[in-house]
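[1] Whatever this is, show me its structure:
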Amino acid sequence: MLPNFDEVDVDCFPEVSDDEIKEAVLAQGGEEWVRIFEGEGWPDGYSPVEISLSTVRIKIEKLISAQWRVVTVINIAIPMGC
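    Numbers count the residues shown, from 1 in each chain. Next up, the predicted model:
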């Protein structure tokens, strides 16, 4: 059974913006990672980066004309266990 989200203390994590993440990645020479962060190669409406306690991501692909194509991505946010 998963813990109740209302019982999880999320205030212990500092707030961070997408711009702060991009800046830190670029400072480490991560130009390619910033393109991924900005959604390159991902379906419209989905982001490869999410700030949460924990996320399980399920990507469903289908083989179409000998090429794998993303059908959908399911994100499930769950609190991390100790």
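
[2] where in this protein is pLDDT low?
    1-13, 47-53, 79-82 (pLDDT under 70).

[3] try 50 this time
    Within the chain, the segments meeting pLDDT under 50 span 1, 82.

[4] quick one, longest helix in it?
    Ranked by number of residues, the top helix in the chain under DSSP state H is helix 18-27.

[5] same for it, what does it pack against?
    If you count contacts as 3 or more Cβ pairs under 8 Å, 6 or more residues apart in numbering; DSSP states H and E, helix 18-27 packs onto helix 31-37. (Each C-beta comes from the backbone N, C-alpha and C, glycine too.)

[6] If you count contacts, what does the helix it packs on end up packed against?
    Using 3+ Cβ pairs under 8 Å, 6+ apart, helix 31-37 is in contact with helix 18-27.

[7] which stretches of the chain form strands?
    Taking DSSP state E as the test, the strands found in the chain are 55-64, 67-77.

[8] Quickly run through the sheet partners of the shortest one, with directions.
    Using DSSP bridges, strand 55-64 pairs in its sheet with strand 67-77 (antiparallel).

[9] want to throw the strands of the chain into JSON lines with mean neighbour count and distance to Glu32?
    Shown next, in JSON lines, are the strands of the chain (neighbours: other Cβ atoms under 10 Å; distance: least, Cβ to Cβ, whole Å):
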{"stretch": "strand 55-64", "mean neighbour count": "10", "distance to Glu32": "19"}
{"stretch": "strand 67-77", "mean neighbour count": "11", "distance to Glu32": "19"}
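
[10] closest to Asp19 out of those?
    Distance to Asp19, taken as Cβ to Cβ, is lowest for strand 55-64 among the strands of the chain, at 20.5 Å.

[11] For the closest one, which outside residues touch it?
    Trp68, Arg69, Val70, Val71, Thr72, Val73, Ile74, Asn75, Ile76, Ala77, Ile78 (Cβ atoms under 8 Å, 6 or more residues apart in numbering).

[12] Sounds good, over and out.
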